[in-house]
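> Provide a 3D model corresponding to the input given below.
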Amino acid sequence: MKIFLFVCLALLILMLVILAVYLVVGNVFYRLILTRKGRMVKKIVKYFDCDEEYHIFDDFEKIEITSEDDLKLCGYYKDNNHPKLAILVHGYGGNHTHTAKFANYFIKRGYDILAIDQRCHGESQGRDITMGRQESQDLLLWINKMLELKPAYKILLFGVSMGASTVCITCGKNLPSNVVIAVEDSGYDNADRELRYMFLQHKILSKLCYKIFYNYTLKTQELDLKKVDAISSLKSSKIPMMFIHGDSDKIVPTEMVYNLSSQIPQTRRGLFIGSGAGHVGSYNENARDYERALNEFLSKFNM
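Predicted coordinates for the structure are as follows:
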């Protein structure tokens, strides 16, 4: 009997140790990757801070909305007295200034501009990043806010990286008819596949580590990364959409753009692959071709 009790106690202690390790490892990875103060977020911020056109936002008006979970979200608005509006959505770790080159492009076309800080980024509140799940709900609120200002707006959605995936997910929702076209640059097709890919790029991170991170995120944050799926969302999209990706992207695999674009019928689909371009680098590497392809796509649909 004593031996049996000893074995049971040993097994219990072992289970508690395994549980403790699971919780600690899961929490560490979650905080590193999916929170505002995470090391990965700070690393990406430094990667994007080279944009020298950020001063374009100096004369923009700061506006705010409140998210469904009571966070203050900030955006930067430029009224050029135009019937068309481009809503610009930055990527993971960024903020509205990192869409400066794209804001400049749309300003040259006369558009009004709204460049947002996504939740947990820039001056918007929040601790947790959801890779597009809640961010897409926030984007719907921004669309409605803009339609309060100008009910007749024709709206274009434009996103890069995580912002691109946010745009794709939003396009599968019940959008106001004012949203007439969308452009995504370097978006991932599924949050689980993207983060799994990033984990496996580092030898120190194994499949087991990712599994712990995934399960921790699912159980403690109620965020199922597999369900943050831009592909399934695009199947419900009714608007024309252009897809852009660099063929040398080491952060979001280039193959993902084909997974996304294949969900939109060819008659309302555009595709541009930036030769030699890395992540969100197609404009920098191929500005003339990038603008020509985008101009042709927008003109095709009277935008």
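> where does pLDDT dip in the stretch 101-250 of the chain?
203-205 (pLDDT under 70).
> where do the helices sit along this protein?
2-33, 39-48, 100-108, 133-149, 162-171, 191-200, 207-221, 230-234, 255-261, 282-285, 287-300 (DSSP state H).
> which residues does the shortest one contact?
In this case it means helix 282-285. Identification of contacts with helix 282-285 by C-beta atoms under 8 Å, 6 or more residues apart in numbering yields 101-102, 185-186, 244-246, 272-277, 290. Bear in mind the C-beta positions are built from the backbone N, C-alpha and C, glycine included.
> list the contacts for Met303?
Counting by C-beta under 8 Å, 6+ apart, Met303 has contacts Lys84, Lys154, Leu156, Val180, Ile181.
> from Ser186, how far off is the most centrally placed residue in the chain?
Geometric centre of the chain, nearest residue: Met162, 1.9 Å, by C-alpha atoms, centre = their mean. For Met162, the distance to Ser186 (C-beta to C-beta, to the nearest Å) stands at 9 Å.
> what is in contact with these two at once?
The contact lists of Met162 and Ser186 share Gly91, where a contact means C-beta under 8 Å, 6+ apart.
> distance of the nearest residue to Ser282 once chain neighbours are set aside relative to Tyr216?
By the measure of C-beta to C-beta, 6 or more residues apart in numbering, the closest residue to Ser282 outside its immediate chain neighbours is Gly274, 2.7 Å from it. Per C-beta to C-beta, Gly274 is found 36 Å from Tyr216.
> out of these two, which sits in the more crowded spot?
Gly274 (26 against 20; other C-beta atoms under 10 Å).
> could you give the number of residues near the nearest residue to Ser161 once chain neighbours are set aside?
Closest residue in space to Ser161, ignoring its immediate chain neighbours: Gly91 at 2.7 Å, by C-beta to C-beta, 6+ apart. Using other C-beta under 10 Å, Gly91 is surrounded by 28 other residues.
> residue contacts, Gly91?
Contacts of Gly91 (C-beta under 8 Å, 6+ apart): Ile44, Phe48, His98, Gly159, Val160, Ser161, Met162, Gly163, Ala164, Ser186, Val280.
> mark which of these are buried, thanks.
Ile44, Phe48, His98, Gly159, Val160, Ser161, Met162, Gly163, Ala164, Ser186, Val280 (16 or more other C-beta atoms under 10 Å).
> ok, the fourth one touching Val89?
This means Gly159. Yes - counting by C-beta atoms under 8 Å, Gly159 touches Val89, with 3.8 Å between them.
> find the residues that touch each one of those two.
With C-beta under 8 Å, 6+ apart as the test, Gly159 and Val89 both reach Thr166, Val167.
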